[in-house]
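Q: The amino acid sequence is not available; the structure is as follows:
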């Protein structure tokens, strides 16, 4: 088995490290970061010898694949450079920061024929995977409505500890709309198999915070799928609120799911049954249905579980490596990544135009040029 050598760009994004190190025939051989002190600290801790401050220099080393965990405005330029250099890419969220970037990204993946996988790790949590399995087995009937919520006050991240303005002041809190949607969209779309988001509308209460940035005090984006499903996606990174970064709700014709909202709460499901007609349904604990969890989660080794998120941080890396080895298609390909990211980018246009409904392009291989545009 050929050893796959991986380079990591952005030494603050090291959630994949344990996963890579748990897979036979994979080595992390290079790391890259503009902050030399942080680079050396991380590389020393991980025992990585090859260190680069210039991303293109790392691409000239003998790595086979690169993990891009840099600020979001760097993702597409670095991905394109990596693909041109013949490297496979695993990119952190979001996929890009403009609609044109998304079109370029798809074009380059089509052109260079290398693996691109989107590192949306929230879909790999055991909770999301268990609900997905119950959907596939028909417990919920036909899924038709879902909610995803990401509440994370990032006001303390607008300025770096050294007093300089953070990139988040511009590319996240410096824009309007649902700038960070895929932690919510990714999981709920697992429960609408084969469907695509076709249109969105975004609503906002405006700016109700003192931080001097354009980001709204929460945005709510309603998404419609091609089969009539309705998704309610909320992001709020400026309001005073405890962390609640993974709240979900699913409604189907035969049952419902609600995730826990705080530490003492519990994930719950309810299904229509002979002993539970629709007018008198009762909540049950989701984990009571653990027998339906995918086998690889139930059989995860201690090392795989130690990677984080109940094994999810291992399995997302394993899926990427399997794709690089040609054993399967990437679990979250470039077209899916762009569809989910486009929801956020288009939401900014929607909310600044009186919540106008906008079409989401259908990202796919060899997409016609006349479809690579935004319809207002």
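A: That came in fine, so what should we check first? These numbers were taken from a predicted model, which means no experiment stands behind them.
Q: hey, let's count contacts and neighbours off CA atoms from now on
A: Fine.
Q: helices or strands next to the strand or helix carrying residue 315 in the packing?
A: Per DSSP states H and E, residue 315 falls inside helix 312-324. Packing partners of helix 312-324 (3 or more Cα pairs under 8 Å, 6 or more residues apart in numbering; DSSP states H and E): helix 17-21, helix 302-306.
Q: Please work out the average pLDDT along the first one.
A: When you say that, I think you mean helix 17-21. The average pLDDT for helix 17-21 rounds to 88.
Q: Ok, stretch 261-274 next?
A: Rounded mean pLDDT across stretch 261-274 is 90.
Q: separation between the closest residue to residue 238 other than its chain neighbours and residue 224?
A: Counting by Cα to Cα, 6 or more residues apart in numbering, residue 238 lies nearest to residue 153, which is 5.1 Å off, once chain neighbours are set aside. Using Cα to Cα, to the nearest Å, residue 153 is found at 27 Å from residue 224.
Q: These two: who's more crowded?
A: Counted by other Cα atoms under 10 Å, residue 153 and residue 224 do not tie: residue 224 has more neighbours, with 22 against 17.
Q: And the strand or helix carrying residue 111, what does it pack against?
A: Using DSSP H and E, residue 111 maps to helix 99-112. In terms of contacts (3+ Cα pairs under 8 Å, 6+ apart), helix 99-112 is packed against helix 75-84, helix 334-351.
Q: Remind me what the last one packs against, helices and strands.
A: Yep, that's helix 334-351 we're talking about. helix 99-112, strand 116-118, helix 182-189, strand 197-203.
Q: Sort out which residues of it are buried, please.
A: The neighbour-count check on helix 334-351 (16 or more other Cα atoms under 10 Å) flags 334-351 as buried.
Q: What of the first one?
A: Of the residues in helix 75-84, those buried by neighbour count under the rule 16+ other Cα under 10 Å are 75, 76, 78, 79, 80, 82, 83, 84.
Q: next one: stretch 114-130
A: 114-130.
Q: What is the end-to-end distance of it?
A: Its start and end residues considered, stretch 114-130 measures 31 Å (Cα to Cα).
Q: Rounded mean pLDDT for it, please.
A: 97.
Q: Please list the residues outside it that contact it.
A: Stretch 114-130 is contacted from outside by 83, 86-93, 95, 109, 182-183, 186-187, 190, 290, 292-294, 297, 309-313, 315-316, 320, 323-324, 330-334, 337, using Cα atoms under 8 Å, 6 or more residues apart in numbering.
Q: residue ranges for the strands of the stretch 101-250 of the chain, please.
A: 116-118, 143-151, 197-203, 219-225, 230-236, 244-252 (DSSP state E, counting those that start in this stretch).
Q: Tell me which strands the fifth one pairs with, and in which orientation.
A: In other words, strand 230-236. Sheet pairing for strand 230-236, assigned by DSSP bridges, gives strand 143-151 (parallel), strand 219-225 (antiparallel).
Q: That one versus helix 334-351: what angle between them?
A: 70 degrees (axes from the mean of the first three to the mean of the last three Cα atoms, to 10 degrees).
Q: which parts of strand 230-236 are buried?
A: Neighbour counts over strand 230-236 (16+ other Cα under 10 Å) mark 230, 231, 232, 233, 234, 235, 236 as buried.
Q: who's in contact with that strand?
A: 144-153, 178-181, 184-185, 188, 216-224.
Q: circling back: reformat the buried residues of helix 75-84 as TSV; add distance to residue 18 and pLDDT.
A: Below are the buried residues of helix 75-84 laid out as TSV (distance: Cα to Cα, whole Å; pLDDT from 0 to 100):
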residue	distance to residue 18	pLDDT
75	22	98
76	25	98
78	23	98
79	23	98
80	26	98
82	23	98
83	25	98
84	28	98
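Q: so which of those comes closest to residue 196?
A: Minimum distance to residue 196 across those is 22.5 Å, recorded for residue 76 (Cα to Cα).
Q: Name the nearest residue to that closest one, sequence neighbours excluded.
A: residue 96 (5.7 Å).
Q: isn't that neighbour right up against residue 70?
A: No - using Cα atoms under 8 Å, residue 96 is not in contact with residue 70; the gap is 11.7 Å.
Q: So for those two, which sits in the more crowded spot?
A: Set side by side, residue 96 and residue 70 show more neighbours around residue 96, with 26 against 21, by other Cα under 10 Å.
Q: ok so, going back, now, of the helices and strands packed on helix 312-324, which is deepest in the fold?
A: helix 17-21 (a mean of 21; mean count of other Cα atoms under 10 Å).
Q: List the contacts of that helix.
A: Contacts for helix 17-21 (Cα under 8 Å, 6+ apart): 26, 27, 28, 304, 306, 307, 313, 314, 315, 317, 318.
Q: returning to what we had before: same list, the strands of the stretch 101-250 of the chain, but as CSV with distance to residue 170 please.
A: Shown next, in CSV, are the strands of the stretch 101-250 of the chain (distance: least, Cα to Cα, whole Å):
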stretch, distance to residue 170
strand 116-118, 23
strand 143-151, 19
strand 197-203, 20
strand 219-225, 17
strand 230-236, 16
strand 244-252, 21
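Q: Of those, which is nearest residue 58?
A: Closest approach to residue 58 among these is made by strand 116-118 (18.0 Å; Cα to Cα).
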